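K.L.:
how would this look folded up:
(chains A and B)
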Amino acid sequence: MKKILILGLLFVVYIVNVHAQFSDVFLDKNKYGWDTNDKYSRAREDKLARQKLLQIYDLKKQNILDNALKSAAAPGWGQLSAQRYAKGQLMMGAEIFLIGSFIYYNDKYLEEYNNYKKAKYIGDIEHFYDKASEYYATSRAIVGLGAAIWIYSIFDSVFTTSDYNQDIWDDLYRDYQHKKIIFSPTGISIRF
Amino acid sequence: MIKKLCAIVALALIISCSLDHSNPLDPENSGIEAPSEVTGIQVSFSAPNHVSISWNPKTYVDGYFLYRSFSEDGLYDLFVDLENSISSYSDETISQNYKIWYKVSAYIFIDEEENDYLEGYRSAPKTWNN
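P.N.:
Okay, the predicted model is just below:
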């Protein structure tokens, strides 16, 4: 009976010791400066708040691929979606202007080239070929410029959307720090 | 990186610009040499309505076109198509009140049945001296 009591006591001591070791590992309050329960609970509240901020951020942020596809469909659209209006309008305007210019110069090229193909006078052959070449080169340069803006718009929409998402996060976090966003057991409220 | 890529795309499209010489009469395409400019053009007027135009005959041409206009820099209409053996022409359809300007060019047939011809350079405008 005495042996059983001694063994039981040793077991209890062992369990307490093991528990204390685990507590030291997982509840090292000094590791993060949680030396008081108050600091610990504030840190925990902060963590929960950040998680809720992330949820709001996930709802508000834009998908980079979606905006890149928008810019591929219409240059500047991705930028407009990411609220970079000046840049988006500039790109869209430039592209519309270039498409209009391309139609004009391509039409002139086809007209002059058709005249060239029908010409029988050497002077007309040279004149219409030169004019057709001039319009052809101009229309191709416009296509090149349009393609460059198109590609730039797609790539730029990626960075613009990233910036937009970063701004969303920064705004949310700033509002949270200034206590404009309040988390409560009944929900989230934003104070303006 | 993006700017470089855009510049390369634009440059590639600009460099790739070259137009085919698809006209079968184009010397660049066919290798056919167009007749050179007609030279030695003389224009003389004799009352009341007779204008005589002459030029140096050319070899290896199939004919000549004679153009005329009411002003030196105006629009020249094809007045008459002449055979290669002819090197002068009399215009008796004018009025004494008007000054008429003439241009002459030579042409060669590429396909006579299809009326495909290549016309050489037109001469500088000529008129008579008062």
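
K.L.:
what's the burial count for B:Ile41?
P.N.:
17 (other CB atoms under 10 Å in any protein chain shown). Glycine gets a C-beta too; all of them are placed from N, C-alpha and C.

K.L.:
check contacts around it.
P.N.:
B:Ile53, B:Ser54, B:Trp55, B:Tyr102, B:Val104, B:Ser123, B:Lys126 (CB atoms under 8 Å, 6 or more residues apart in numbering or on different chains).

K.L.:
quick check: the first one vs B:Tyr89, distance?
P.N.:
Look at B:Ile53 and B:Tyr89: by CB to CB, to the nearest Å, they are 5 Å apart.

K.L.:
overlap in contacts of these two?
P.N.:
With CB under 8 Å, 6+ apart as the test, B:Ile53 and B:Tyr89 both reach B:Leu66.

K.L.:
which one of the two has more residues nearby?
P.N.:
B:Ile53 (24 against 17).

K.L.:
quick one: secondary structure of that one?
P.N.:
Under DSSP: H, G, I helix; E, B strand; the rest coil, B:Ile53 falls in the strand class.

K.L.:
now, which of the contacts of B:Ile41 sits nearest chain A?
P.N.:
B:Ser123 (11.3 Å; CB to the nearest CB).

K.L.:
turn the contacts of B:Ile41 into CSV, columns for pLDDT and distance to chain A.
P.N.:
As requested, the contacts of B:Ile41 are exported to CSV (pLDDT from 0 to 100; distance: CB to the nearest CB, whole Å):
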residue, pLDDT, distance to chain A
B:Ile53, 95, 19
B:Ser54, 95, 22
B:Trp55, 96, 18
B:Tyr102, 96, 16
B:Val104, 97, 13
B:Ser123, 95, 11
B:Lys126, 94, 17
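
K.L.:
spell out the residue ranges of the helices in the chain.
P.N.:
Picked chain A for this. Per DSSP state H, chain A carries helices over the ranges A:2-26, A:37-60, A:64-73, A:77-81, A:85-118, A:122-177.

K.L.:
oops, I was thinking of chain B
P.N.:
B:2-15, B:27-30.

K.L.:
ranking those helices by mean pLDDT, which is last?
P.N.:
Of all the helices of chain B, helix B:2-15 carries the lowest average pLDDT, namely a mean of 64.

K.L.:
domain map for chain A?
P.N.:
Domains of chain A are assigned by automatic domain parsing as A:1-29, A:32-190.

K.L.:
would the longest one count as contacting chain B?
P.N.:
This points to domain A:32-190. Yes. Domain A:32-190 lies within reach of chain B by CB under 8 Å from any CB of the partner chain, at A:113, A:116-123, A:125, A:129, A:132-133, A:136-137, A:140-141, A:143-145, A:147-149, A:151-152, A:155-156.

K.L.:
list buried residues within the residues you listed.
P.N.:
Among these, the ones that count as buried by 16 or more other CB atoms under 10 Å in any protein chain shown are A:113, A:116-117, A:119, A:121-122, A:125, A:129, A:132-133, A:136-137, A:140-141, A:143-145, A:147-149, A:151-152, A:155-156.

K.L.:
longest strand of chain B?
P.N.:
strand B:101-111 (DSSP state E).

K.L.:
can you list the buried residues in that strand?
P.N.:
Result for strand B:101-111 [16+ other CB under 10 Å]: buried residues B:Trp101, B:Tyr102, B:Lys103, B:Val104, B:Ser105, B:Ala106, B:Tyr107, B:Ile108, B:Ile110.

K.L.:
ditto for stretch B:71-87
P.N.:
B:Tyr76, B:Phe79, B:Leu82, B:Asn84, B:Ser87.

K.L.:
ok, now how distant is the last one from B:Leu66?
P.N.:
When you say that, I think you mean B:Ser87. In terms of CB to CB, B:Ser87 sits 11 Å off from B:Leu66.

K.L.:
repeat for A:Ser157
P.N.:
66 Å.

K.L.:
picking that back up, any chance of the domains of chain A in CSV, with distance to B:Leu118 and mean pLDDT too?
P.N.:
Output for those, formatted as CSV (distance: least, CB to CB, whole Å; pLDDT from 0 to 100):
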stretch, distance to B:Leu118, mean pLDDT
domain A:1-29, 97, 73
domain A:32-190, 6, 90
